[in-house]
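>>> got a predicted structure here, sequence first:
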Amino acid sequence: MIKKIAVVAMLFACGVEAQTNKPFEVTFPRWAASLRGGSVFNFDADLDGGGSFTVNRFVVEGMYGRMWSYDSFIALSVGGGQDDYHFSEGVPDYWNNINNYRIGLYSRWRLSDKWVLFAAPSVRAYAEENVDPLDGLTGAFFGGASYKFSDTLTLGPALGVVSQIEDRPSYFPVILVKWRITPQLTLDTGGGLASTAGPGLALVYKFSNHWKAGITGRYERKRFRLAESGVVPGGVGEDRNIPIYGTFAYFFYPQGYITAIFGYNTYGKLGLYDPNGNYVDEFGYAPSVSAGFVASFRF
């Protein structure tokens, strides 16, 4: 989960806002630290065949890095959280609390006035409570390059690779984009935290240097190791959907931001697999709504 729900670029997560009109000045080189966290509650989602479930998600992540400029830095991130599932009466407890842990690096380096490279490798673990996190260990890499065509348009190719528990790795190409459509409206490939994980496409409207609103969406797939006491002992659970989130953020420079989140989850499916990754069962679920917040503080 390299998470930013505030619908800002990944650079902001490292303690810097990725904009040309910087609201405050700092000296370089320097060390930068940030702490962010959030919680999102997914309200009742009806399961195919009857019953429903809710999910309360929270995550905390700390980051510390060395900055040589706004576009040249390397940072270490460490974080963790939990997805707390509750199934309604009459529905088996397929799983309960899913813990997650992660450690990663994020590096970004400006090669010229036009080209910027970045890479973000990470190690993650997703496992039900009372399960050894090493049994749910996965790895991920996201990297690419961007080219500044003008003061209003930056584009570039990127590739993400994520290993899956008892399944083949997932590969997803991404077109990086930062398009300032108007002085207030920007289309951006941003990061996510708490409500979403990984890169997504965000449309952001800037009311002022302090207030922003946006809408973002992405495809999500989470797999996790299940407990021996569950419906499929030692098996694998999966939750995948396409969440669409609206955000409303307040930035209190230079310390950080706080964001309110309102979401709508579409195309939902829960899956069950045996310890070797063989298919056991699958359940679709109806669209549902969610709400929460994200906060970030820089030091």
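Ah, there it is. Numbering: from 1, shown residues only.
>>> low-confidence regions, the protein specifically.
Using pLDDT under 70 as the threshold, the predicted model of the chain has low-confidence ranges 1-26, 190-199.
>>> residue most distant from the centroid, it?
Residue distances from the centre of the chain (C-alpha atoms, centre = their mean) peak at G90, which lies 32.3 Å from the mean C-alpha position.
>>> let me know whether it touches G50 as I believe.
Yes - look at G90 against G50 with C-beta atoms under 8 Å: they come within range, at 7.0 Å. Backbone N, C-alpha and C define where each C-beta goes, glycine included.
>>> ok so, going back, from G51, how far off is the residue farthest from the centre of the chain?
G90 sits 6 Å away from G51, taking C-beta to C-beta, to the nearest Å as the criterion.
>>> shared neighbours of the two, anything?
With contacts taken as C-beta atoms under 8 Å, 6 or more residues apart in numbering, G90 and G51 have no neighbour in common.
>>> which residues in the stretch 51-200 of the chain form strands?
In the stretch 51-200 of the chain, the strands defined using DSSP state E, counting those that start in this stretch lie at 52-69, 72-87, 97-110, 115-128, 137-148, 153-164, 167-180, 185-190, 200-206.
>>> could those strands go into CSV alongside distance to G214?
Shown next, in CSV, are these (distance: least, C-beta to C-beta, whole Å):
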stretch, distance to G214
strand 52-69, 19
strand 72-87, 22
strand 97-110, 21
strand 115-128, 21
strand 137-148, 20
strand 153-164, 18
strand 167-180, 13
strand 185-190, 8
strand 200-206, 4
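>>> closest one to G217 among those strands?
strand 200-206 (6.0 Å; C-beta to C-beta).
>>> parallel or antiparallel, which strands does that closest one pair with?
Based on DSSP bridges, the pairing partners of strand 200-206 within the sheet are strand 185-190 (antiparallel), strand 211-217 (antiparallel).
>>> just name the most buried of these.
strand 185-190 (a mean of 21; mean count of other C-beta atoms under 10 Å).
>>> now that strand against strand 167-180, angle please.
For strand 185-190 against strand 167-180, the angle between stretch directions is 150 degrees (axes from the mean of the first three to the mean of the last three C-alpha atoms, to 10 degrees).
>>> now what about stretch 83-103, what contacts it?
In this structure, residues lying in contact with stretch 83-103 by C-beta under 8 Å, 6+ apart are 1-2, 44, 47, 50-57, 59, 61, 76-82, 122-129, 133, 222, 224, 226-227, 230-231, 237, 239, 270, 272.
>>> now do the same end-to-end measure for it.
End-to-end span of stretch 83-103 (C-alpha to C-alpha, to the nearest Å): 18 Å.
>>> so R223 makes contact with Q164?
Yes - with contact defined as C-beta under 8 Å, R223 counts as touching Q164 (5.4 Å).
>>> who has more neighbours out of those two?
When neighbours are counted by other C-beta atoms under 10 Å, R223 comes out ahead of the other of R223 and Q164, with 22 against 15.
>>> done for today, thanks.
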